[in-house]
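# take a look and give me a structure for this.
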Amino acid sequence: MRVRVFVSGRVQGVYFRAFTKDEADSLGLLGWVRNLSDGRVEALIEGDQELVWELIKRMWKGPPAAKVDSIEVHREDNHEPLFGFSIKY
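This is a model prediction of the structure:
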């Protein structure tokens, strides 16, 4: 399963990307996470469906300083190869 996720709220400057990477690594997922200029965080996540949904559940909580208001999830059909999980700058 591959999804693109957009997270809104207080999610920049609170270690949200590092949190997401650590959680994705612990679940063995592939993809990346990055900040967007509009204040949201975007992530591309690929892996077992249950594990992908587990990461999204963990993203709702986020690191202690974060406050997630909403998460949009969009299925992706493009399957360009992904290697590990990274933070994009």
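
# secondary structure element for P63?
Element membership of P63 [criterion: DSSP states H and E] is none; it lies in no helix or strand.

# and the pLDDT for it?
Looking at P63, its pLDDT stands at 98.

# how many neighbours does it have?
15 (other CB atoms under 10 Å). (Glycine included, C-beta is placed from N, CA and C.)

# quick one: the residue nearest in space to the middle of the chain and I71, what's the gap?
Residue closest to the average C-alpha location in the chain (CA atoms, centre = their mean): A43, at 3.9 Å. A43 sits 10 Å away from I71, going by CB to CB, to the nearest Å.

# what do these two both touch?
Common neighbours of A43 and I71 are listed as V5, V7, M59 (criterion: CB atoms under 8 Å, 6 or more residues apart in numbering).

# so which of those residues is the closest to V52?
Set against V52, the nearest of the shared contacts of A43 and I71 by CB to CB is V5 (9.2 Å).

# using CSV, list the CA coordinates for stretch 18-38.
What follows is stretch 18-38, C-alpha atoms only, in CSV (Å, rounded to 0.1, in the frame of the first residue of the first chain):
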residue,chain,number,x,y,z
ALA,A,18,12.1,13.3,12.8
PHE,A,19,9.3,11.7,14.8
THR,A,20,7.6,10.4,11.6
LYS,A,21,10.9,9.0,10.3
ASP,A,22,11.7,7.3,13.6
GLU,A,23,8.2,5.7,13.8
ALA,A,24,8.3,4.7,10.1
ASP,A,25,11.8,3.1,10.6
SER,A,26,10.5,1.2,13.7
LEU,A,27,7.6,-0.2,11.5
GLY,A,28,9.9,-1.0,8.5
LEU,A,29,8.1,1.4,6.2
LEU,A,30,9.4,3.1,3.1
GLY,A,31,9.0,6.7,2.0
TRP,A,32,9.8,10.2,3.0
VAL,A,33,8.5,13.2,4.9
ARG,A,34,8.9,17.0,4.3
ASN,A,35,7.6,20.4,5.4
LEU,A,36,5.5,22.3,2.9
SER,A,37,5.5,26.1,2.5
ASP,A,38,1.9,26.4,3.7
